[in-house]
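> Sharing a model that was predicted from the sequence below.
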Amino acid sequence: MAQPILIVGAGPVGLVLALSLLQNGVSVRIINKQLSHPVGHRGSGLQPRTLELYKLLGILPDIQNQSGPFPPMKVYTSPEGPEPVKEFSMIEDLEATPEYPLVNVAMLSQDRHEALIRDVLAKKYNTHVELGTELRSFVQNRHTGQVEARIVKLVDGNEVEEAAIYDFLIGADGARSVVRKQLGLTFLGESRTEASMIVGDLEVKGLPDRKYWRGWADGQRIFVSLRPWETDGDLYNLLIAGSEVDVTRLASNIEEMIRMINATIGRELEFGDVLCSGIWTPNIRMVDRFGEGRVFVAGDAAHVHSPNGGQGMNSGVQDAINLGWKLSLVQKGLAPLGLLTSYNDERLSIIAVMLKKTTLLLDKTMSVNWKETEDTDMFGFKKGFEMRQLGVNYRGSPIVVDERYSGSRLEVVDPYKGGLDGRVRAGDRAPAAGGLVCVPAEETGEMTTTLFDVFTPSKHSMLVFAKEGRDDSEVEQVLGVVNTLFPEGTVQTIVLYPYCQNHNVAGTRADWTLVDKEGYAFKHYHYSVYAEDRWKMVVVRPDAYIGAIVEGEEGLREYVKLVFGTR
């Protein structure tokens, strides 16, 4: 009997995919070739959209408890002068708003990030990463529709081979992905060997005021930076780059590397343990497609790029969540296999744009001369709002329906920041809409909530905007249609009423009846509070993107058919 799903790779992408599937009632097996979990900061910037998705998955409080803010930067010439030549924030710290309640980047070392999710998988779902377990090969059996995998596990120093069968196989196994290579996907792009750098994590004692990220530069020849970890203590993330840096020699000799750091800074720092260090070379590559048949790739297995902008790990997490809810529906027999082609359709164009943006930032950053430059904005150090990924959208997706903007699929849309254009369209991030009062709790204490607190990763959310003066019987009619069209257990209904002092809302048969006391829901979803002839309905997918904006049964039926097939 086939086991359901094999995930190869246990970085953030593989772990988030596992969590998404398990929350949808689909069991997984997750394996990792390494014998131990990696240590180090690496992909540590969590963009606001990732934080929103972690709220959806229920792990945001744990993430926030362990993370810290993105530090402002001070850059000194080499050797260090009395004052920095530049002091700035790469990412501006913004005030949270009802539209963007999670608007700032959080910093969390990747090893602690991974450990947190592993802990959730173990304690809540009794699912553990199998270390020292390697996928050697696989075959897709066209007759059975299953994936036959050959796996080798290291037990007491000996290799134990295993043949196993799965319904689906997902490669989240990094840039050297075995899954991608055996699937025959192209991975075209380039390597920037001239931009190779030393990266690592180490203890540094005696640096004042740990709230700053510090850099020391000798023009373009040498650049050394030390970024404090978000934890207490003396841990820093190290970066050494420059036209006259012999990364191969320095990476192989820790003592020489430390002498070079001190010489660049111009004073002796006290160094403690070196947790990890190595050479990192920017690779800019992506696949031609995200999968074939019942095998898919996600994260670095599908795309690698410059770290400028902090997009890589965050994009991989979005790959995982996009794939997770669709794979769950197919695995449970609620949607056809063809739904999974939309994973490629939706993610491919976004990643292509992301590669262009991060490469442009890399090129600008590598050209900066700190002794001459006056404007850090022009050199890729300051990041625009779009890099927070709140404008990433699926407006061109073949599985969205938008009756508000008929013919919108023919428009040219920026898949990366189109969601910031002031319109709300199918395929966009679903607005949070805070200040909602739960019914009947408004009569006994006004329990308030947000739509982000109501959305769930295991169901679609059907928002019904009830207009002022509308008969509740008509709302009940809409709810009846919704429950008839969607497969059982795949949708929750949410009725939103405008706030009026004289309007008594007794509640409906909906899963949630909410009063929009602050007006944010109607405002952010661009609906008038006054009665209109047509229904106003928004379908929010399990990944918190708008799947459909419709005005009646016909549009709703079209969306259900696209996702769930003919019923």
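Now that the structure is in, tell me what you want to look at.

> Now do the contacts for Gly43.
12, 110, 307, 310, 312-313 (Cβ atoms under 8 Å, 6 or more residues apart in numbering). All C-beta spots, glycine's among them, are computed from the backbone N, C-alpha and C.

> I'd like the list of those that fall within helices, please.
Applying DSSP state H to those, the entries found in helices are 12, 110, 312-313.

> show me the contacts for Phe254.
In this structure residue 254 is Ile, not Phe. For Ile254, the residues meeting the contact criterion (Cβ under 8 Å, 6+ apart) are 274, 277.

> no, scratch that, I was asking about Val103
Listed by Cβ under 8 Å, 6+ apart, the contact set of Val103 reads 48, 94-97, 388, 390.

> Go again with 7 Å.
Applying Cβ atoms under 7 Å, 6 or more residues apart in numbering, one finds that Val103 lies in contact with 48, 94, 96-97, 388.

> Dump the residues you listed to JSON lines, plus pLDDT.
Written out in JSON lines, the entries for the contacts of Val103 read as follows (pLDDT from 0 to 100):
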{"residue": "Pro48", "pLDDT": "95"}
{"residue": "Leu94", "pLDDT": "93"}
{"residue": "Ala96", "pLDDT": "94"}
{"residue": "Thr97", "pLDDT": "92"}
{"residue": "Arg388", "pLDDT": "92"}
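
> any chance you could map the strands in the stretch 1-150 of the chain?
Ranges of strands within the stretch 1-150 of the chain are 3-8, 28-31, 45-46, 68-69, 73-77, 86-88, 106-107, 133-141, 146-155, based on DSSP state E, counting those that start in this stretch.

> now do the stretch 151-300 of the chain
Listed in chain order (using DSSP E, counting those that start in this stretch), the strands of the stretch 151-300 of the chain are 158-171, 187-191, 197-205, 213-218, 222-228, 235-241, 270-280, 283-287, 291-292, 295-297.

> for the helix or strand of the chain with the lowest mean pLDDT, packing partners?
Among the secondary structure pieces of the chain, namely its helices and strands, strand 86-88 has the lowest mean (mean pLDDT, DSSP states H and E), a mean of 83. Counting contacts by 3 or more Cβ pairs under 7 Å, 6 or more residues apart in numbering; DSSP states H and E, the secondary-structure elements packed against strand 86-88 are strand 73-77.

> ok, back up a step: direction included, what does the least confident helix or strand of the chain pair up with?
With DSSP bridges as the criterion, the sheet partners recorded for strand 86-88 are strand 73-77 (antiparallel).

> one step back: right, so of the strands of the stretch 1-150 of the chain, which gets closest to Phe486?
strand 3-8 (23.1 Å; Cβ to Cβ).

> Return the set of buried residues in that closest one.
For strand 3-8, the buried set under the neighbour-count rule, 16 or more other Cβ atoms under 10 Å, comprises 5-8.

> still on that earlier bit, go through the strands of the stretch 151-300 of the chain and pick out the most buried.
Among these, judged by mean count of other Cβ atoms under 10 Å, the one packed with the most neighbours on average is strand 295-297 (a mean of 26).

> Pairing partners for that one, with directions?
Next to strand 295-297 in the sheet, as set by DSSP bridges, lie strand 158-171 (parallel), strand 291-292 (antiparallel).

> and the last one, how far from the chain's centre?
Relative to the mean C-alpha coordinate of its chain, strand 291-292 is positioned 21 Å out (Cα atoms, centre = their mean, to the nearest Å).

> How about stretch 39-59?
The gap between where stretch 39-59 is centred and where its chain is centred comes out at 7 Å by Cα atoms, centre = their mean.

> do stretch 255-263 as well
In terms of Cα atoms, centre = their mean, the centre of stretch 255-263 is found 37 Å from the chain centre.

> Output the longest helix belonging to this protein.
Longest helix in the chain, counting residues (DSSP H): helix 341-366.

> tell me the mean pLDDT over that helix?
Taken as a whole, helix 341-366 has an average pLDDT of 89.

> which parts of it are buried?
For helix 341-366, a neighbour-count test (16+ other Cβ under 10 Å) marks 341-351, 354-355, 357-359, 361-362, 364-366 as buried.

> measure Ser306 to Ser191 for me?
Applying Cβ to Cβ, to the nearest Å, one obtains 12 Å for the distance of Ser306 from Ser191.

> Let me see the ranges of the helices in the chain.
Going by DSSP H, the chain shows helices at 12-23, 48-57, 60-66, 110-125, 178-183, 247-251, 254-265, 312-331, 341-366, 451-454, 472-485, 520-524, 553-564.

> Tell me where the model's unsure across the stretch 301-450 of the chain.
Counting by pLDDT under 70, the low-confidence segments of the stretch 301-450 of the chain come to 366-382, 407-412, 441-446.

> same thing but 90
For the stretch 301-450 of the chain, applying pLDDT under 90 flags the ranges 305-312, 355-385, 387, 404-414, 417-419, 422, 438-448.

> How about the stretch 151-300 of the chain?
Applying pLDDT under 90 to the stretch 151-300 of the chain picks out residues 156-157, 189-197, 200, 205-211, 215-223, 225, 229-235, 240-255, 259-261, 263-283.

> which ones are touching the nearest residue to Pro79 once chain neighbours are set aside?
When the adjacent residues along the chain are set aside, Pro79 lies closest to Gly266, with 2.3 Å between them (Cβ to Cβ, 6 or more residues apart in numbering). Taking Cβ under 7 Å, 6+ apart, we find Gly266 in contact with 78-80.

> what about Gly266, distance to Val495?
Distance from Gly266 to Val495, counting by Cβ to Cβ: 66 Å.

> next one: Val540
If you go by Cβ to Cβ, the gap between Val540 and Val495 works out to 14 Å.

> what do you get for Lys357?
Summarising the geometry, the distance separating Lys357 from Val495, computed by Cβ to Cβ, is 40 Å.

> now the strands of the stretch 151-300 of the chain as a markdown table including distance to Gln318?
Compiled in a markdown table, those are given as follows (distance: least, Cβ to Cβ, whole Å):
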| stretch | distance to Gln318 |
| --- | --- |
| strand 158-171 | 15 |
| strand 187-191 | 20 |
| strand 197-205 | 24 |
| strand 213-218 | 26 |
| strand 222-228 | 24 |
| strand 235-241 | 24 |
| strand 270-280 | 23 |
| strand 283-287 | 14 |
| strand 291-292 | 16 |
| strand 295-297 | 14 |
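
> what's next to stretch 196-208, contact-wise?
The contact list for stretch 196-208, computed with Cβ under 7 Å, 6+ apart, reads 40-41, 226, 234-241, 247, 250-251, 257, 269-281.

> at 6 Å what do you get?
Contacts to stretch 196-208, defined as Cβ atoms under 6 Å, 6 or more residues apart in numbering, come from residues 40-41, 234, 236-241, 247, 250-251, 269-277, 279-281.

> Also stretch 241-253?
Looking at stretch 241-253 with Cβ under 6 Å, 6+ apart, the contacting residues turn out to be 196-198, 220-223, 257, 279.

> how about 8 Å then?
Stretch 241-253 has contacts (Cβ under 8 Å, 6+ apart) with 195-198, 217-218, 220-223, 240, 256-257, 260, 277-279.

> for that stretch, how far is the first residue from the last?
Across stretch 241-253, the terminal residues are separated by 16 Å (Cα to Cα, to the nearest Å).
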